[in-house]
Structure formats: C-alpha cells, structure tokens
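Novice: I'll drop the sequence and a predicted model, then ask my questions.
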Amino acid sequence: MGLRSAATVAAALCFFYAFRLLPFAEVFIFIGLMPLLAGLMSAPILRERVRPGAWLALAAGFGGVIRVFPGGLSSLTAGHAVALGASALGTLSITLSRYIGRHEQNVLAQVLYPNLALSLVMLPVLPFVWLPMPMADVVWALSYAGLLFGARWLLVAALRRLPSYAVTPLMNLQFVWMVLIGALGFGELPGQGTWMGAAVIAASGIYLVWDQLAPRQAVWGRAVITARQRVRHSAAAAMRTDP
C-alpha cells in the first residue's frame with residue numbers, strides 16, 4: 001500500500017506538470033500507452049500471462065503513440081518525457097492496486113490511503129503557493145475532488161475483477177473528452193497525426209477487452225453445447241426405454 005501511495009503521488013505531480021507543458025490531447029495520448037505498460041508489469045508483479053494476441057495489440061497501441069508525432073522521436077520535448085513518466089508511475093499504481101486487491105477486500109482502503117498520502121505531501125507546500133480563490137473556484141475544486149475520488153473507487157473495483165492490461169484500455173475513452181475540452185475550453189485542435197494515432201490506440205484497446213472476454217465466451221459456449229448434448233442424450237434414452 002505504501003508503494004502504491006508513493007506511485008500515486010509521483011504520478012499526480014508528473015501529470016499536473018505535463019498538463020502545463022503539453023496540450024490536453026497529447027498528454028492523454030501517453031495515457032493510451034498505459035495498457036502496454038500494464039502488460040509489461042503484469043508478468044513480474046502479478047504473475048499474469050499476457051496472451052500473444054494481446055501483445056500484438058499492445059505493440060500496435062505503442063505504434064499509435066509514436067504516430068502522434070509527425071516529426072518522429074526527434075520532435076519529443078521535456079513535456080513528453082514528463083508525460084511518459086506520469087503514465088509509467090500511474091500504471092505502476094494501477095498494477096499494485098490489482099495486487100493488493102487479491103488480499104484486501106476493502107476497496108475504500110485503496111482509495112483512502114493514496115489520497116491521504118497525496119494530501120500529506122502537498123500540505124507543507126500549500127502555504128507557499130496559496131492564493132485566495134473565489135467561491136466559484138472552490139466549487140470547481142470540490143467537484144474535481146469528488147469526481148476523482150469516485151473514479152478511483154470504480155477503478156479499484158474493476159481491477160479486482162479484470163487484469164490491469166484489460167482495464168486500462170477503457171481509460172482511452174478519456175481521449176475523446178479531452179479533445180472536446182481542449183477544443184472548447186482552450187482552443188486546442190489536434191492534428192491529423194494525433195487523430196490517426198488515437199484511432200490505432202483505441203482499436204488496440206477494443207481488441208484487448210475482446211481478448212479478455214473471448215475465453216469466457218468460449219467456456220460459456222462449450223457449457224451450452226454440453227448442456228444441449230446432455231438433454232438430447234437424456235431424451236434419446238427416454239425414448240428407448242419408453243414402452
């Protein structure tokens with residue numbers, strides 16, 4: 001829990017700093033890289049085997065991230081490095097959440113302690129950066145805190161039921177909202193390369209979710225077929241014994 005809390009604090013710092021340096025859409029492209037990082041962390045931390053098809057989808061998602069930068073890797077800046085670090089630390093926190101979920105049934109504890117650590121770390125800095133806020137900004141801050149707490153609670157609950165590399169692709173839906181917020185609130189419109197990269201990332205995420213559900217569907221299908229065969233055998237046996 002201590003490692004998860006530390007990773008959560010470090011990821012939060014990196015994400016806020018990345019949002020200062022990069023447009024909304026570009027930061028969330030790096031969030032799209034989190035499923036690949038989750039797959040890489042699943043084996044050593046969780047001992048969960050990632051299927052070959054899932055690795056291909058994760059690699060395609062990484063290619064989508066690279067496609068976002070038309071100038072290639074040479075166009076990367078310090079802001080992109082910070083965003084990458086934020087994604088890696090955030091993925092570590094998510095992976096540790098799934099690990100803890102195997103032993104800890106209380107979902108609220110996994111939300112409380114990382115947020116408490118974040119508050120305790122930021123509290124000593126607050127007097128040096130505090131500015132008076134109008135009531136409207138206070139309402140915005142409280143709304144943000146409530147939404148973030150609820151989102152983290154749902155994420156922990158999902159990680160108890162699905163592998164981390166299958167949960168993180170669903171977070172790519174944030175890209176759609178961030179594009180809209182960036183366009184309407186900040187006048188930031190992503191280019192064609194960003195849209196193409198986002199499409200590849202979204203497609204890889206959809207496949208990862210399907211890859212996770214396919215084995216269950218196959219087991220369910222085999223169970224249905226077996227049940228039907230048993231019914232047919234029972235009916236045939238009844239007909240043979242009926243005078």
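Specialist: Alright, I've got the coordinates.

Novice: let me see the contact set for Arg51.
Specialist: Asp211 (Cβ atoms under 8 Å, 6 or more residues apart in numbering). (C-beta placed from N, C-alpha, C; glycine too.)

Novice: where's it relative to Asp211, distance?
Specialist: Per Cβ to Cβ, to the nearest Å, Arg51 is found 6 Å from Asp211.

Novice: quick one: the helices in this structure?
Specialist: Taking DSSP state H, the helices of the chain run over residues 2-21, 24-31, 34-41, 52-67, 78-101, 107-122, 126-129, 135-159, 164-167, 174-186, 192-241.

Novice: helices or strands up against the first one?
Specialist: Which is helix 2-21. helix 24-31, helix 78-101, helix 107-122 (3 or more Cβ pairs under 8 Å, 6 or more residues apart in numbering; DSSP states H and E).

Novice: pull out the CA atoms of it and give them to me as CSV.
Specialist: Taking Å, rounded to 0.1, in the frame of the first residue of the first chain, the C-alpha atoms of helix 2-21 are listed here in CSV:
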residue,chain,number,x,y,z
GLY,A,2,2.9,2.3,0.7
LEU,A,3,4.4,1.7,-2.7
ARG,A,4,1.0,2.3,-4.4
SER,A,5,0.6,5.5,-2.4
ALA,A,6,4.1,6.8,-3.4
ALA,A,7,3.5,5.9,-7.1
THR,A,8,0.1,7.7,-6.9
VAL,A,9,1.7,10.9,-5.5
ALA,A,10,4.5,10.9,-8.0
ALA,A,11,2.2,10.2,-10.9
ALA,A,12,-0.1,13.1,-9.9
LEU,A,13,2.8,15.5,-9.8
CYS,A,14,4.0,14.4,-13.2
PHE,A,15,0.6,14.6,-14.7
PHE,A,16,-0.1,18.1,-13.5
TYR,A,17,3.3,19.3,-14.7
ALA,A,18,2.7,17.6,-18.1
PHE,A,19,-0.5,19.5,-18.5
ARG,A,20,1.4,22.7,-18.0
LEU,A,21,3.8,21.8,-20.8
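
Novice: fine by me, thanks again.
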